[in-house]
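Participant: I would like the atomic coordinates for the input below:
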Amino acid sequence: MAKTSQPLLIKRYASRRLYNTETSDYVTLEDIAVFIREGREVQIVDLKSGDDLTRQYLLQIIAEHESRGESVLPVDVLTDLVRSYTSQSMSVVPQFLAQSFEMLQSGQSKMMENMGSMNPLAKMPGFEAMQAQQEAFMKAMTGGMMPGSTVPQPSSKSEEGLDDIKAELAALQEKLSKMTK
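Facilitator: Residues are numbered from 1 along each chain as shown. I've put the predicted structure just below:
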């Protein structure tokens with residue numbers, strides 16, 4: 001599927017069926033998950049009201065994967081997310097998650113670059129596809145909050161915690177680079 005700057009528009013009909021406006025056919029949640037894994041931005045709107053339902057459907061895709069045992073989010077993280085919806089920290093959580101995923105993606109990118117230059121597996125067929133899939137996953141998990149996008153600046157307390165995380169990540173990257181030598 002070709003990457004375009006426009007998101008793929010999916011319309012939800014009153015019957016709850018999802019319609020791909022590019023290919024003029026009906027799609028499933030799994031089809032939408034495949035589009036996202038391929039790096040495509042997706043927007044899902046209700047045909048009648050025009051409401052944006054993208055977030056609702058992305059959460060549903062994640063819930064289905066989690067229920068099938070494809071666990072990515074530990075129970076502690078899910079519990080903290082639920083708590084954040086009812087606490088004053090709710091405004092900090094999205095910023096923290098976006099920055100955490102950005103750091104994770106950056107670390108993974110550096111690791112993949114290092115692996116590519118030193119690892120004979122980089123010449124193996126499918127290695128580039130695996131890298132693209134990881135990038136699409138990170139993009140999906142961060143909700144489009146990628147490097148270069150504007151994120152409100154956290155408070156100084158959040159920055160202190162972020163500095164600690166950055167230091168730990170740097171130490172882990174250093175250990176990893178020593179292991180690959």
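
Participant: Please, where are all the strands along this structure?
Facilitator: Ranges of strands in the chain, per DSSP state E, are 8-12, 18-20, 25-27, 42-46.

Participant: mind checking how far Asp80 is from Leu73?
Facilitator: 10 Å (Cβ to Cβ, to the nearest Å). Where you see a C-beta, it was placed from the backbone N, CA and C, and this is true even at glycine.

Participant: so where's the chain shaky on pLDDT?
Facilitator: 1-4, 87-91, 112, 114-124, 127, 138-161, 179-181 (pLDDT under 70).

Participant: pretty sure Gln43 is touching Tyr57, no?
Facilitator: No. The criterion here is Cβ atoms under 8 Å, and Gln43 misses it with Tyr57 at 9.9 Å.

Participant: who has more neighbours, the two?
Facilitator: More crowded of Gln43 and Tyr57, by other Cβ atoms under 10 Å: Tyr57, with 18 against 15.

Participant: burial count for the closest residue to that one other than its chain neighbours?
Facilitator: In this structure, Tyr57 finds its nearest non-sequential neighbour in Ile44, 4.9 Å apart by Cβ to Cβ, 6 or more residues apart in numbering. A count of nearby residues for Ile44, using other Cβ under 10 Å, gives 23.

Participant: can you tell me how far Ile44 sits from Ile32?
Facilitator: 7 Å.

Participant: Spit out the residues that contact the two alike.
Facilitator: Ile10, Leu18, Tyr57 (Cβ atoms under 8 Å, 6 or more residues apart in numbering).

Participant: Tell me if I'm right that the first one and Ile32 touch.
Facilitator: In other words, Ile10. Yes. Assessed by Cβ under 8 Å, Ile10 is found in contact with Ile32 at 6.6 Å.

Participant: closest one to Ile36 among the strands of the chain?
Facilitator: strand 42-46 (5.9 Å; Cβ to Cβ).

Participant: So which other helices or strands are in contact with the closest one?
Facilitator: Secondary-structure packing of strand 42-46 (3 or more Cβ pairs under 8 Å, 6 or more residues apart in numbering; DSSP states H and E): strand 8-12, helix 29-37, helix 54-67.
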